[in-house]
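S.K.: requesting a structural model of the entry that follows:
(one chain, ligands or ions: 1)
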Amino acid sequence: MTARLIDGKGIAETLREEVKQNVIKRASQGLPAPGLATVIVGDNPASKVYVRMKHKACQEAGILSIGHALPAETSQEEVEKLIGELNNDPKIHGILIQLPLSAGLDEESVLNAIKLRKDVDGFHPINIGRLAQKGREPLFTPATPSGIMYLLEEAGAQLEGAKAVVLGRSNIVGMPVSLLLIKANSTVTICHSRTIDIPSLTRKADVLIAAVGIPEFVRGDWIKPGAIVIDVGVNRVEDETRKRGYRLVGDVAFEEAREVAGAITPVPGGVGPMTIAMLLRNTLRAARLADEDIVV
Ligand code: NAP
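M.R.: Numbering: from 1, shown residues only. Predicted coordinates for the structure are as follows:
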């Protein structure tokens with residue numbers, strides 16, 4: 001069997017175009033452009049790249065984006081003061097704190113300072129708490145996990161009653177995607193660095209999400225024939241044949257996996273592009289919440 005490719009790049013482009021058309025429609029109705037503020041503390045080079053990509057995507061979609069780059073030594077009070085100002089700025093509908101914060105800052109307290117209806121990254125403790133509770137709905141869900149769920153839907157995954165295995169339990173990917181899968185009525189097994197005999201668990205999975213950050217961790221014979229495999233990993237491996245000296249691979253051994261799986265995301269071009277598309281969608285939603293003046 002050769003797996004169907006789940007084209008995250010193409011799906012994300014369609015979503016971004018949809019957001020753009022909605023922003024144009026807002027303008028024609030006299031409504032303001034959605035506004036996103038990003039906050040980055042310190043000099044993490046990867047964070048800078050991600051933030052730049054987010055601003056570029058906003059620009060292309062007609063979303064106003066304003067960046068705040070703070071030095072690594074910025075105090076907790078200063079970061080939270082800025083968030084307070086952004087909370088009260090009517091041009092700003094969404095606030096994104098680029099994680100990780102520099103050492104010494106209390107991440108939970110910073111995230112808690114964001115006004116709930118501006119929490120477009122979905123990491124506010126109340127939004128995450130609602131995600132974890134039955135019968136409650138968060139205002140926003142985190143971008144990468146939401147993108148994964150969107151891809152599963154596009155791939156035609158029958159989530160209700162499905163056995164889903166999630167590799168990784170991080171706050172950013174593994175745990176929230178597990179919670180979303182539970183909300184979708186899958187039966188979820190979460191694996192992490194202390195899990196014993198992971199292959200025996202993944203071989204039972206109808207849906208397999210790999211988010212561990214280890215190149216080609218999941219081998220072909222770990223996968224149930226016909227399973228839907230979502231590879232979240234983005235790992236650099238040395239490759240002298242490439243001009244830049246490396247190539248990107250996922251957490252799944254792609255060539256082996258595609259012989260067994262029913263559908264699979266490539267790396268790059270799978271989950272990665274969805275993350276930004278979902279952030280844009282969330283920012284548009286935040287602007288709509290402000291239109292309706294929903295106070296939460
Ligand atoms: P992370 O915070 O480092 O978490 C990694 C998770 O994998 C942890 O839960 C860890 O377990 C688990 N793990 C580590 N070694 C393991 C092993 N040998 N066996 C089983 N589990 C193991 O990483 P993350 O932020 O979730 O990111 C995961 C991957 O996704 C990375 O490659 C990252 O670059 C990528 N990513 C991609 C996007 C995107 O937009 N495409 C977004 C975010 C992340 P413990 O909890 O026990 O330590």
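S.K.: all contacts plus neighbour counts: C-alpha atoms, from now on.
M.R.: OK.
S.K.: can you list the residues of the stretch 51-200 of the chain near the ligand?
M.R.: Proximity of the stretch 51-200 of the chain to the ligand (Cα under 6 Å from any ligand atom) is limited to residues 144, 167, 168, 169, 170, 172, 173, 174, 191, 192, 193, 194.
S.K.: could you redo the last one with a cut-off of 8 Å?
M.R.: Contact residues (Cα under 8 Å from any ligand atom) of the stretch 51-200 of the chain with the ligand: 143-144, 167-174, 191-195, 198.
S.K.: so which of those belong to strands?
M.R.: Judged by DSSP state E, those include 167, 191 as members of strands.
S.K.: would you list the buried entries among the residues of the stretch 51-200 of the chain next to the ligand?
M.R.: Among these, the ones that count as buried by 16 or more other Cα atoms under 10 Å are 143, 144, 167, 168, 169, 172, 173, 174, 191, 198.
S.K.: and the last one, what does it touch?
M.R.: Listed by Cα atoms under 8 Å, 6 or more residues apart in numbering, the contact set of residue 198 reads residue 191.
S.K.: and it, how far from residue 270?
M.R.: Residue 198 is 23 Å from residue 270, where distance means Cα to Cα, to the nearest Å.
S.K.: now swap in the third one and tell me
M.R.: From residue 167 across to residue 270, the span is 17 Å (Cα to Cα).
S.K.: what's the local residue count around the residue lying closest to residue 157 once chain neighbours are set aside?
M.R.: Leaving aside its chain neighbours, residue 157 sits nearest to residue 228 (7.3 Å; criterion: Cα to Cα, 6 or more residues apart in numbering). Using other Cα atoms under 10 Å, residue 228 has 29 other residues around it.
S.K.: tell me what residue 228 is bridged to.
M.R.: Counting by DSSP bridges, residue 228 is bridged to residue 207, residue 263.
S.K.: these two touch, right, it and residue 261?
M.R.: Yes. The criterion here is Cα atoms under 8 Å, and residue 228 meets it with residue 261 at 6.1 Å.
S.K.: packing partners of the secondary structure element (helix or strand) that residue 49 belongs to?
M.R.: Residue 49 belongs to helix 45-61 when assigned by DSSP states H and E. Where contact means 3 or more Cα pairs under 8 Å, 6 or more residues apart in numbering; DSSP states H and E, helix 45-61 is packed against helix 8-28, strand 35-41, strand 64-70, helix 271-291.
S.K.: I'd like the ones you listed as TSV, with mean neighbour count and mean pLDDT appended.
M.R.: What follows is these, written out as TSV (neighbours: other Cα atoms under 10 Å; pLDDT from 0 to 100):
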stretch	mean neighbour count	mean pLDDT
helix 8-28	18	98
strand 35-41	23	98
strand 64-70	16	98
helix 271-291	23	97
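S.K.: select, out of these, the one closest to residue 124.
M.R.: Residue 124 lies closest to helix 271-291 among the helices and strands packed on helix 45-61, at 13.9 Å (Cα to Cα).
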